[in-house]
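>>> Mind looking at a prediction? Sequence and model below.
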Amino acid sequence: MNDLDKHILKIINEELSKNGTAYNIRKDGKSIERNSNDNIKIESKKDKDGINILVKENTINGYVHIPVLITQSGLSDKVYNDFYIGKNSIVTINAGCGIHNDKHKDSSHNGIHRFFIEEGSYVKYIEKHYGEGEGKGKRILDPVTEVHLGKNATLEMDTAQIKGVSSTIRKTKAVLDDGSKLIINEKIMTHESQTAKTIFDVKLNGKSSSAKVTSRSVATENSYQEFVSKVVGNNECFGHVECDAIIKDNAKVLSDPKILAQHIDARLIHEATIGKIAGEQLIKLMTLGLSKKKAEETIINGFLK
């Protein structure tokens with residue numbers, strides 16, 4: 001990897017350690033570095049471009065890193081990654097993609113991830129998206145996530161769009177079995193004329209299953225964001241969807257949460273709040289000596305933490 005690659009990698013996956021950790025680094029449509037260990041095996045797919053990540057049952061404190069780097073202008077990259085998590089495992093997966101585009105052709109990455117998480121396992125999935133470059137070419141990220149949670153399994157997803165992404169459509173589908181839990185924390189920042197759309201489709205099929213989806217976003221200048229969610233309760237279950245957004249300048253945000261209860265003991269809640277930065281917050285920080293711009297940045301950074 002060159003200095004540019006290392007710079008992007010540090011932004012999207014600063015915790016990557018190659019000392020015995022399972023990892024796969026993908027650059028410009030190809031795997032350039034890979035490592036497996038005794039509990040986690042990473043292998044190339046035979047029928048399509050992508051990898052299988054196989055975690056043995058009873059793996060405790062396993063770590064997997066699968067960052068993607070795009071530095072070639074005009075590249076349209078698509079990859080299929082499947083995660084097979086054995087029973088009673090505890091695993092952290094650190095993904096993410098960074099695009100550097102200094103030219104005039106559009107660059108894009110489409111990561112299609114499927115999770116098959118077996119009974120009693122806990123998975124923490126971290127994903128950061130980032131774009132940079134002086135060229136007029138767009139930086140496009142369209143991830144697709146499909147989740148199958150076994151009995152008493154848990155997936156916690158922390159996703160963040162840091163900055164510099166021209167457009168994104170993020171699709172997440174999940175099916176939950178008895179006692180399983182899905183926790184999603186999403187953070188998105190857009191500016192200029194960027195667009196971002198996230199779509200969640202969650203089916204609570206199992207008894208005592210639960211899902212909590214939280215989206216926090218900031219839209220500035222002429223950017224546009226759209227939040228769409230649908231949570232279906234098909235059993236005794238609990239679902240909570242929350243979308244909070246701050247808008248500035250001429251930005252627009254659309255929130256469209258849906259809940260559908262198809263069982264008498266399904267408890268489903270949705271909340272949506274969109275507004276500007278509170279004037280009293282600005283005044284309080286400005287009285288401490290901060291400029292209006294710095295005060296706004298401080299409030300936004302705190303909101304997206």
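Okay, I see it. If you're wondering where the values come from, they're calculated on a predicted model, not measured in any experiment.
>>> Please count neighbours and contacts with C-alpha atoms only from this point.
OK.
>>> quick one: G120 and N152 touch, right?
Yes. If you go by C-alpha atoms under 8 Å, G120 and N152 touch, sitting 4.9 Å apart.
>>> Excluding residues flanking it in the chain, which one is nearest I162?
Y130 (5.5 Å; C-alpha to C-alpha, 6 or more residues apart in numbering).
>>> so the one you found sits in a strand?
Yes. Assessed with DSSP: H, G, I helix; E, B strand; the rest coil, Y130 lies in a strand.
>>> Is it correct that it is in contact with Q161?
Yes. With contacts defined as C-alpha under 8 Å, Y130 counts as touching Q161 at a distance of 6.3 Å.
>>> do you know how far the nearest residue to G164 once chain neighbours are set aside is from I277?
Closest residue in space to G164, ignoring its immediate chain neighbours: G131 at 4.0 Å, by C-alpha to C-alpha, 6+ apart. Computed with C-alpha to C-alpha, to the nearest Å, the distance linking G131 and I277 is 25 Å.
>>> Name the helix or strand of the chain that has the lowest mean pLDDT.
Ranked by mean pLDDT, DSSP states H and E, the weakest helix or strand in the chain is helix 279-286, scoring a mean of 72.
>>> And that helix, what does it pack against?
helix 292-303 (3 or more C-alpha pairs under 8 Å, 6 or more residues apart in numbering; DSSP states H and E).
>>> Could you pull out the buried residues of the helix it packs on?
A295, E296, I300 (16 or more other C-alpha atoms under 10 Å).
>>> State the next helix or strand along the chain beyond the helix or strand hosting L182.
Per DSSP states H and E, L182 falls inside strand 181-190. Sequence-wise, the next helix or strand downstream of strand 181-190 (DSSP H and E) is strand 195-204.
>>> Tell me the bridge partners for I51.
Note on I51: beta-bridge partners by DSSP bridges are S44, N81.
>>> correct me, but it touches K78?
No. Under the criterion of C-alpha under 8 Å, I51 is not in contact with K78, lying 11.8 Å apart.
>>> now this structure, which segments are flagged as low pLDDT?
279 (pLDDT under 70).
>>> Write down the beta-bridge partners of L204, one by one.
Going by DSSP bridges, L204 forms beta bridges with L176, G233.
>>> mind listing what it touches?
By C-alpha atoms under 8 Å, 6 or more residues apart in numbering, the residues touching L204 are V175, L176, D177, S210, A211, V231, V232, G233, N234, N235, C237.
>>> my guess is the first one meets H148, correct?
In this case it means V175. Yes. If you go by C-alpha under 8 Å, V175 and H148 touch, sitting 5.2 Å apart.
>>> quick one, helices of the stretch 51-200 of the chain?
Counting by DSSP state H, counting those that start in this stretch, one finds no helices in the stretch 51-200 of the chain.
>>> Sketch out the strands for it, chain order is fine.
62-65, 68-70, 76-85, 90-94, 97-100, 107-117, 122-132, 139-141, 144-149, 154-163, 167-176, 181-190, 195-204 (DSSP state E, counting those that start in this stretch).
>>> which of those strands is buried the deepest?
strand 97-100 (a mean of 28; mean count of other C-alpha atoms under 10 Å).
>>> Within its sheet, name the partner strands of that one and how each one runs.
strand 68-70 (parallel), strand 122-132 (parallel).
>>> Tell me which of those strands sits nearest to P143.
Among those, strand 122-132 comes nearest to P143, with 9.9 Å by C-alpha to C-alpha.
>>> beta partners for the residue positioned nearest the centre of the chain?
For the chain, the residue nearest the mean C-alpha position is T159 (2.8 Å; C-alpha atoms, centre = their mean). Beta-bridge pairing of T159 under DSSP bridges involves E127, E186.
>>> I'd say it and E127 touch.
Yes. At 4.7 Å, T159 counts as touching E127 under the criterion of C-alpha under 8 Å.
>>> contacting residues for G74?
H104, K105, D106, S107, S108, G137.
>>> And for S215?
N185, E186, K187, E242, C243, D244.
>>> Distance to S217 for those - can I get that in JSON lines?
Below are the contacts of S215 laid out as JSON lines (distance: C-alpha to C-alpha, whole Å):
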{"residue": "N185", "distance to S217": "11"}
{"residue": "E186", "distance to S217": "8"}
{"residue": "K187", "distance to S217": "6"}
{"residue": "E242", "distance to S217": "11"}
{"residue": "C243", "distance to S217": "8"}
{"residue": "D244", "distance to S217": "7"}
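>>> what's the first-to-last distance across stretch 134-154?
End-to-end for stretch 134-154, by C-alpha to C-alpha: 41 Å.
>>> what's the answer for stretch 94-111, then?
Stretch 94-111: ends 14 Å apart by C-alpha to C-alpha.
>>> Could you tell me whether K46 really is in a helix?
No. Per three-state DSSP, K46 lies outside any helix segment and is coil.
>>> Can you pull out the residues in contact with the helix or strand hosting A245?
A245 belongs to strand 237-247 when assigned by DSSP H and E. Contacts to strand 237-247, defined as C-alpha under 8 Å, 6+ apart, come from residues 204, 206-220, 227, 229, 231, 233, 253, 255, 257, 265-277.
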